[in-house]
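> need a structure here:
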Amino acid sequence: MENRALIIGASGIVGSNLADQLLASGWNVSGLSRGRTAVSPAIESITADLTSSESVNQALAGRTFSHVFFTAWARQATEKDNIRVNGGMVRHVLDALGASGGVSHAALVTGLKHYLGPFEAYATGAVPITPFREEQGRQPVDNFYYEQEDRLFEAARRYGFNWSVHRPHTIIGFAVGNAMNMGVKLAVYATLCKETGQPFLFPGAPAQWNGLTDMTDARLLARHLEWAATSPNAINEDFNVVNGDVFRWKWMWSRIADYFGIEAAPFDGETRPLEPRMQDAGPQWSSIAARFDLAEGDIGKLAPWWHTDADLGRPMEVVTDMTKSRKAGFLDYQSTSDSFYELFDRLKAERIIPQ
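Residues are numbered from 1 along each chain as shown. Predicted coordinates:
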């Protein structure tokens, strides 16, 4: 049978890389979104308001898909609203497609807030011991990831399809305007420092500077999603997904600086988040973009700083175990330093940052 994929969030960092992976493997791929951001011309674009069951039903009427991939979420002001909105999106899509009987597998991408807690109570409670393992389960707090999972599990029981849940760490990969893309934000920050003479200061906490950490390349995550959708070993399982190497930011920071031909400022132990320091960066970036004929002069579309501040501001070590995936047969590995360098090279090629 032909694999027909519907990607929720096909224009984002995860969804766009997943679309590329599935297309290269010969899948038929469609993307469902609000239509605010263009998707690859190689996939069918379907537009709907994901928060409206009526809109989703109308958009998907008469369509069948063998696989559904949830790779998007909508940030709300409170966790209560995150639960209502993001859980609703999963329910609306699966209810619209489930009755057809054509869905064989649905995959949900969440993340390490499964273990760390939601933004309202981020890393403030009893965080499980690292490295995080799937068997550690849920934390006793409200969390929209848990609501999304419950809606996935409920629909799978009702309509008889398989599921998988994927928990990446900080994602790195090519996508513009994506809140979770640390790589683009660090490239923009390094470029600003190089062109304006600002010191290239590590913005995070001492625990992140000194502790071990890992990351998830969006291309590796895409391969993991395809593997889980087609492997009998991954049926109805949850998985952590990281590159397979570990590093300390005190090591990585100087390598990023070296790539851009700047010097990494010594870390003095003080946390200096990017968002408050970048308040005046808009005009600076506009000038740089004009001087180098860059594709995007609006820094707000490239670098929403808050998510990187949250990642690098964690007051504890965050590292992830991949044993469950390895034992099930997923053996891919990705060097995180290479992920950064390859992303920076592509950002140059796409005229996002100067050559």
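> so residue 323 sits right up against residue 134, yeah?
No: Residue 323 lies out of contact with residue 134 (C-beta atoms under 8 Å); the separation is 9.1 Å. All C-beta spots, glycine's among them, are computed from the backbone N, C-alpha and C.
> And those two? Which one has more around it.
The neighbour comparison of residue 323 against residue 134 (other C-beta atoms under 10 Å) goes to residue 134, with 18 against 12.
> For that one, list the residues it contacts.
167, 238-240, 324 (C-beta atoms under 8 Å, 6 or more residues apart in numbering).
> quick one: the residue nearest to residue 316 when sequence neighbours are not counted and residue 111, what's the gap?
Nearest non-adjacent residue to residue 316, counting by C-beta to C-beta, 6 or more residues apart in numbering: residue 207, 5.5 Å away. Residue 207 is 19 Å from residue 111, where distance means C-beta to C-beta, to the nearest Å.
> Check residue 317 too.
17 Å.
> And for residue 253?
23 Å.
> In this structure residue 246 contacts residue 212, no?
Yes: Residue 246 is within contact range of residue 212, at 4.8 Å (criterion: C-beta under 8 Å).
> what's the overlap in contacts for those two?
The contact sets of residue 246 and residue 212 overlap at residue 319 (C-beta under 8 Å, 6+ apart).
> give me every residue that touches the residue sitting nearest the centre point of the chain.
Geometric centre of the chain, nearest residue: residue 171, 4.8 Å, by C-alpha atoms, centre = their mean. Residue 171 sits next to 13-14, 180-182, 215-218, 221 when contact means C-beta under 8 Å, 6+ apart.
> run the last query once more with 10 Å
Residue 171 is in contact with 12-14, 17, 109, 111, 178, 180-183, 215-218, 220-221, 241, 307, 311, 339, counting by C-beta atoms under 10 Å, 6 or more residues apart in numbering.
> next one: residue 147
Here residue 147 is in contact with 79, 82-88, 90-91 (C-beta under 10 Å, 6+ apart).
> Low-confidence regions, this structure specifically.
1, 119-125, 177-179 (pLDDT under 70).
> so where do the strands sit in it?
4-8, 28-33, 44-47, 67-70, 105-109, 162-168, 171-172, 212-213, 216-217, 237-241, 247-248 (DSSP state E).
> would you turn those into CSV with distance to residue 130?
Output for the strands of the chain, formatted as CSV (distance: least, C-beta to C-beta, whole Å):
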stretch, distance to residue 130
strand 4-8, 30
strand 28-33, 34
strand 44-47, 40
strand 67-70, 26
strand 105-109, 21
strand 162-168, 14
strand 171-172, 19
strand 212-213, 8
strand 216-217, 16
strand 237-241, 11
strand 247-248, 14
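> Phi and psi next, for residue 278.
With angles defined as degrees, to the nearest 10, residue 278 sits at phi -100, psi 20.
> Check the gap between the residue nearest to residue 316 and residue 183 for me.
On the measure of C-beta to C-beta, residue 207 and residue 183 end up 21 Å apart.
> The two - which one has more neighbours?
Neighbour count, other C-beta under 10 Å: between residue 207 and residue 183, residue 183 has more, with 27 against 18.
> which residues touch that one?
13, 170-175, 215, 217-218, 256, 308, 339-340, 342-344, 346-347.
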